[in-house]
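1. Sequence and computational prediction follow.
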Amino acid sequence: MYQSRTYRCWIKDDDLVSFNVTVRETDLYIRAVCNLQAEALEVMLRQRTPLEKYIESHPFFCHSLEPCFVAEDAPDVVKKMAQAAQASGVGPMAAVAGAIAEAVGSDLLAYSPEVIVENGGDIFMKTSRSRLVGIYAGESPLSGKIALEVNPEETPLGICTSSGTVGHSLSLGIADAVVALSGSAALADAAATAIGNCAKSLDDIATAVERARNIDGLDGVVVIKDDRMGVWGKLKLVPL
(Lines give C-alpha, C1' and ligand atoms only; values in the text may rest on other atoms or scores of the structure.)
Protein backbone atom coordinates (compact mmCIF):
# COMPACT_ATOMS: atom_id res chain seq x y z
CA MET A 1 0.00 0.00 0.00
CA TYR A 2 1.35 3.44 -0.92
CA GLN A 3 1.99 5.80 1.98
CA SER A 4 2.04 9.56 1.31
CA ARG A 5 5.54 10.97 1.93
CA THR A 6 4.38 14.43 3.05
CA TYR A 7 7.61 15.00 4.99
CA ARG A 8 9.44 15.27 1.67
CA CYS A 9 7.88 18.72 1.31
CA TRP A 10 9.96 19.94 4.28
CA ILE A 11 13.16 20.26 2.21
CA LYS A 12 14.21 23.92 2.08
CA ASP A 13 17.64 24.01 0.39
CA ASP A 14 17.94 24.04 -3.39
CA ASP A 15 21.59 23.22 -4.05
CA LEU A 16 20.86 19.65 -5.17
CA VAL A 17 18.60 18.17 -7.86
CA SER A 18 15.73 16.04 -6.56
CA PHE A 19 14.08 13.11 -8.34
CA ASN A 20 12.11 9.94 -7.60
CA VAL A 21 12.73 6.34 -8.60
CA THR A 22 10.03 3.76 -7.88
CA VAL A 23 9.95 0.01 -8.46
CA ARG A 24 7.05 -1.83 -6.84
CA GLU A 25 7.36 -1.36 -3.04
CA THR A 26 10.58 0.66 -3.26
CA ASP A 27 9.97 4.41 -3.56
CA LEU A 28 13.21 6.37 -3.45
CA TYR A 29 13.52 10.14 -3.17
CA ILE A 30 17.04 11.01 -4.28
CA ARG A 31 19.06 14.22 -4.24
CA ALA A 32 22.34 14.65 -6.13
CA VAL A 33 24.27 17.29 -8.06
CA CYS A 34 22.44 16.28 -11.26
CA ASN A 35 19.50 14.14 -12.32
CA LEU A 36 20.64 10.52 -12.07
CA GLN A 37 17.23 8.92 -12.45
CA ALA A 38 18.30 6.45 -15.13
CA GLU A 39 21.43 5.43 -13.22
CA ALA A 40 19.47 5.08 -9.97
CA LEU A 41 16.84 2.88 -11.63
CA GLU A 42 19.55 0.61 -13.00
CA VAL A 43 21.19 0.30 -9.60
CA MET A 44 17.89 -0.30 -7.82
CA LEU A 45 16.97 -3.13 -10.18
CA ARG A 46 20.45 -4.60 -9.79
CA GLN A 47 19.92 -4.72 -6.02
CA ARG A 48 16.24 -5.70 -5.93
CA THR A 49 16.38 -8.54 -8.45
CA PRO A 50 18.77 -10.84 -6.52
CA LEU A 51 16.93 -10.01 -3.28
CA GLU A 52 13.58 -10.96 -4.81
CA LYS A 53 15.00 -14.20 -6.20
CA TYR A 54 16.55 -15.04 -2.83
CA ILE A 55 13.24 -14.49 -1.05
CA GLU A 56 11.48 -16.73 -3.59
CA SER A 57 13.80 -19.61 -2.75
CA HIS A 58 14.17 -18.74 0.97
CA PRO A 59 10.73 -17.45 2.10
CA PHE A 60 11.73 -17.66 5.77
CA PHE A 61 14.09 -14.74 5.11
CA CYS A 62 11.10 -12.53 4.33
CA HIS A 63 8.84 -13.63 7.19
CA SER A 64 11.18 -14.27 10.11
CA LEU A 65 11.04 -11.86 13.04
CA GLU A 66 14.39 -13.18 14.27
CA PRO A 67 17.88 -13.15 12.70
CA CYS A 68 18.45 -15.74 9.95
CA PHE A 69 21.55 -17.57 8.81
CA VAL A 70 22.53 -16.98 5.19
CA ALA A 71 25.24 -18.70 3.18
CA GLU A 72 28.42 -16.99 2.00
CA ASP A 73 27.21 -17.16 -1.60
CA ALA A 74 24.04 -15.17 -0.82
CA PRO A 75 23.67 -11.82 -2.62
CA ASP A 76 25.53 -8.94 -0.98
CA VAL A 77 22.34 -7.08 -0.05
CA VAL A 78 21.01 -10.23 1.62
CA LYS A 79 24.21 -10.66 3.65
CA LYS A 80 24.17 -7.02 4.75
CA MET A 81 20.55 -7.34 5.87
CA ALA A 82 21.32 -10.56 7.74
CA GLN A 83 24.32 -9.00 9.49
CA ALA A 84 22.31 -5.96 10.55
CA ALA A 85 19.51 -8.19 11.82
CA GLN A 86 21.96 -10.32 13.80
CA ALA A 87 23.48 -7.24 15.46
CA SER A 88 20.03 -5.87 16.35
CA GLY A 89 18.16 -9.07 17.20
CA VAL A 90 15.34 -8.65 14.67
CA GLY A 91 14.26 -10.21 11.39
CA PRO A 92 16.32 -9.36 8.29
CA MET A 93 13.50 -7.52 6.48
CA ALA A 94 13.76 -4.86 9.20
CA ALA A 95 16.91 -3.76 7.38
CA VAL A 96 15.63 -3.82 3.80
CA ALA A 97 14.81 -0.13 3.29
CA GLY A 98 18.11 1.06 4.73
CA ALA A 99 20.07 -1.58 2.82
CA ILE A 100 18.51 -0.59 -0.51
CA ALA A 101 19.00 3.14 0.19
CA GLU A 102 22.67 2.55 1.02
CA ALA A 103 23.31 0.30 -1.98
CA VAL A 104 21.79 2.80 -4.41
CA GLY A 105 23.43 5.80 -2.76
CA SER A 106 26.88 4.21 -2.63
CA ASP A 107 26.79 3.39 -6.34
CA LEU A 108 25.57 6.88 -7.27
CA LEU A 109 28.64 8.40 -5.61
CA ALA A 110 30.47 7.42 -8.80
CA TYR A 111 28.45 10.15 -10.55
CA SER A 112 27.87 12.71 -7.80
CA PRO A 113 30.05 13.74 -4.81
CA GLU A 114 26.88 14.36 -2.80
CA VAL A 115 24.02 11.87 -2.62
CA ILE A 116 21.01 11.66 -0.34
CA VAL A 117 18.67 8.68 -0.75
CA GLU A 118 15.47 8.52 1.29
CA ASN A 119 13.47 5.29 1.29
CA GLY A 120 10.31 5.54 3.38
CA GLY A 121 11.98 7.48 6.18
CA ASP A 122 15.29 5.63 5.95
CA ILE A 123 18.19 7.72 4.64
CA PHE A 124 21.65 7.20 3.20
CA MET A 125 23.58 10.47 3.11
CA LYS A 126 26.95 11.58 1.78
CA THR A 127 27.26 15.35 1.92
CA SER A 128 29.87 18.07 1.39
CA ARG A 129 28.13 20.64 3.62
CA SER A 130 26.26 20.65 6.92
CA ARG A 131 22.62 19.65 6.55
CA LEU A 132 19.57 19.44 8.77
CA VAL A 133 17.41 16.30 8.80
CA GLY A 134 13.98 17.03 10.23
CA ILE A 135 12.33 14.41 12.45
CA TYR A 136 8.77 13.45 11.55
CA ALA A 137 7.02 11.91 14.56
CA GLY A 138 3.37 11.73 13.55
CA GLU A 139 1.01 13.40 16.03
CA SER A 140 3.75 14.14 18.57
CA PRO A 141 4.02 17.87 19.37
CA LEU A 142 7.76 17.45 18.67
CA SER A 143 7.12 16.39 15.08
CA GLY A 144 8.72 18.83 12.65
CA LYS A 145 10.10 20.93 15.50
CA ILE A 146 13.57 19.41 15.81
CA ALA A 147 16.26 18.23 13.41
CA LEU A 148 19.55 16.38 13.35
CA GLU A 149 22.50 18.45 12.23
CA VAL A 150 24.77 16.31 10.07
CA ASN A 151 28.27 17.47 9.14
CA PRO A 152 30.30 16.26 6.13
CA GLU A 153 32.89 14.42 8.21
CA GLU A 154 30.12 12.30 9.73
CA THR A 155 29.10 10.93 6.34
CA PRO A 156 28.46 8.51 4.67
CA LEU A 157 25.77 8.00 7.28
CA GLY A 158 22.58 6.01 7.66
CA ILE A 159 19.70 7.82 9.40
CA CYS A 160 16.73 5.49 9.77
CA THR A 161 13.34 5.83 11.44
CA SER A 162 10.89 3.35 12.90
CA SER A 163 7.45 4.20 14.26
CA GLY A 164 4.68 2.38 16.04
CA THR A 165 2.13 5.07 15.11
CA VAL A 166 3.11 6.15 11.57
CA GLY A 167 3.36 4.14 8.35
CA HIS A 168 2.87 0.47 7.52
CA SER A 169 6.17 -1.05 8.70
CA LEU A 170 5.94 -3.58 11.52
CA SER A 171 6.76 -2.26 15.00
CA LEU A 172 5.90 -3.95 18.29
CA GLY A 173 6.15 -0.66 20.19
CA ILE A 174 4.23 2.60 20.43
CA ALA A 175 6.96 5.20 19.86
CA ASP A 176 6.03 8.03 17.50
CA ALA A 177 9.59 7.96 16.15
CA VAL A 178 12.83 6.11 16.79
CA VAL A 179 15.68 7.57 14.75
CA ALA A 180 18.90 5.53 14.66
CA LEU A 181 22.25 6.63 13.22
CA SER A 182 25.05 4.39 11.95
CA GLY A 183 27.72 4.26 9.28
CA SER A 184 25.66 1.34 7.95
CA ALA A 185 22.15 2.31 6.85
CA ALA A 186 21.13 -1.35 7.01
CA LEU A 187 22.18 -1.49 10.67
CA ALA A 188 20.48 1.85 11.44
CA ASP A 189 17.25 0.50 9.93
CA ALA A 190 17.31 -2.79 11.83
CA ALA A 191 18.35 -1.05 15.05
CA ALA A 192 15.53 1.50 14.80
CA THR A 193 13.07 -1.40 14.67
CA ALA A 194 14.70 -3.22 17.59
CA ILE A 195 14.77 -0.08 19.74
CA GLY A 196 11.20 0.81 18.82
CA ASN A 197 10.03 -2.66 19.86
CA CYS A 198 11.21 -1.86 23.41
CA ALA A 199 9.06 1.28 23.70
CA LYS A 200 5.67 -0.08 24.72
CA SER A 201 4.76 2.86 26.99
CA LEU A 202 5.98 6.33 27.93
CA ASP A 203 7.92 4.79 30.79
CA ASP A 204 9.91 2.63 28.34
CA ILE A 205 11.81 5.49 26.68
CA ALA A 206 14.81 4.96 28.98
CA THR A 207 14.68 1.20 28.31
CA ALA A 208 14.68 1.85 24.57
CA VAL A 209 17.68 4.17 24.85
CA GLU A 210 19.53 1.56 26.89
CA ARG A 211 18.78 -1.00 24.17
CA ALA A 212 20.47 1.33 21.68
CA ARG A 213 23.62 1.50 23.79
CA ASN A 214 24.01 -2.27 23.45
CA ILE A 215 23.91 -2.46 19.65
CA ASP A 216 27.45 -2.59 18.25
CA GLY A 217 28.01 -0.18 15.38
CA LEU A 218 25.22 2.22 16.33
CA ASP A 219 26.27 5.86 16.66
CA GLY A 220 23.18 7.38 18.26
CA VAL A 221 19.42 7.33 18.71
CA VAL A 222 16.45 9.60 19.32
CA VAL A 223 13.27 8.13 20.82
CA ILE A 224 10.07 10.22 20.77
CA LYS A 225 6.68 9.45 22.29
CA ASP A 226 4.11 12.23 22.67
CA ASP A 227 5.95 15.21 24.21
CA ARG A 228 8.80 13.17 25.67
CA MET A 229 12.16 12.33 24.13
CA GLY A 230 15.21 10.22 24.94
CA VAL A 231 18.58 10.80 23.26
CA TRP A 232 21.90 8.95 23.25
CA GLY A 233 25.10 8.98 21.23
CA LYS A 234 27.06 11.10 18.78
CA LEU A 235 24.42 13.43 17.40
CA LYS A 236 23.36 17.07 17.52
CA LEU A 237 19.73 18.17 17.76
CA VAL A 238 18.70 21.66 16.71
CA PRO A 239 15.32 23.41 16.57
CA LEU A 240 13.56 23.78 13.22
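-> Okay, I see it.
2. Would you map the strands across this structure?
-> Secondary structure of the chain (DSSP state E): strands located at 17-23, 26-32, 115-119, 122-126, 131-134, 146-150, 157-162, 177-182, 218-225, 228-233, 237-239.
3. what angle sits between the second one and strand 17-23?
-> To tie it back to what came earlier, the one meant is strand 26-32. Between strand 26-32 and strand 17-23, the angle comes out at 160 degrees (axes from the mean of the first three to the mean of the last three CA atoms, to 10 degrees).
4. Quick one: mean pLDDT for strand 26-32?
-> The pLDDT scores in strand 26-32 average 94.
5. Each with direction, which strands does it pair with?
-> Paired neighbours of strand 26-32 in the sheet (DSSP bridges): strand 17-23 (antiparallel), strand 115-119 (antiparallel).
6. right, so those strands: which one is the most enclosed?
-> strand 115-119 (a mean of 26; mean count of other CB atoms under 10 Å). Every residue, glycine included, has its C-beta placed from N, CA and C.
7. List the contacts of that one.
-> Outside strand 115-119, the residues within contact range by CB atoms under 8 Å, 6 or more residues apart in numbering are 5, 8, 16, 26-32, 97-98, 100-102, 104-105, 108-109, 123-127, 131.
8. In ChimeraX, select just the buried ones from the residues you listed.
-> Buried subset of those, written as a ChimeraX selection, criterion 16 or more other CB atoms under 10 Å:
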select :16,26,27,28,29,30,31,32,97,98,100,101,102,104,105,108,123,124,125,126,127,131
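9. Could I get the buried residue list for the longest helix along the chain?
-> Longest helix of the chain, by residue count under DSSP state H: helix 37-57. Neighbour-count burial for helix 37-57, with 16+ other CB under 10 Å as criterion, is recorded at Glu39, Ala40, Val43, Met44, Gln47, Arg48, Leu51, Tyr54, Ile55.
10. Not counting residues beside it along the chain, what's closest to the fifth one?
-> Spatially, and ignoring its direct neighbours in sequence, Gln47 is nearest to Ala103 (4.6 Å; CB to CB, 6 or more residues apart in numbering).
11. Equivalent analysis for Glu39, please.
-> In space, and not counting its chain neighbours, Glu39 is closest to Tyr111: 5.9 Å by CB to CB, 6+ apart.
12. wait, what's in contact with the one you found?
-> Applying CB under 8 Å, 6+ apart, one finds that Tyr111 lies in contact with Ala32, Cys34, Leu36, Glu39.
13. quick one: which of these is nearest Met81?
-> Of all the contacts of Tyr111, Glu39 has the smallest distance to Met81: 22.9 Å, by CB to CB.
14. and the nearest residue to Lys200 once chain neighbours are set aside, how many residues sit next to it?
-> Distances taken as CB to CB, 6+ apart put Gly173 closest to Lys200, at 5.4 Å, once the chain neighbours are dropped. Counted with other CB atoms under 10 Å, the burial measure for Gly173 works out to 22 neighbours.
15. same thing with Glu139?
-> For Glu139, the tally of surrounding residues (other CB under 10 Å) stands at 9.
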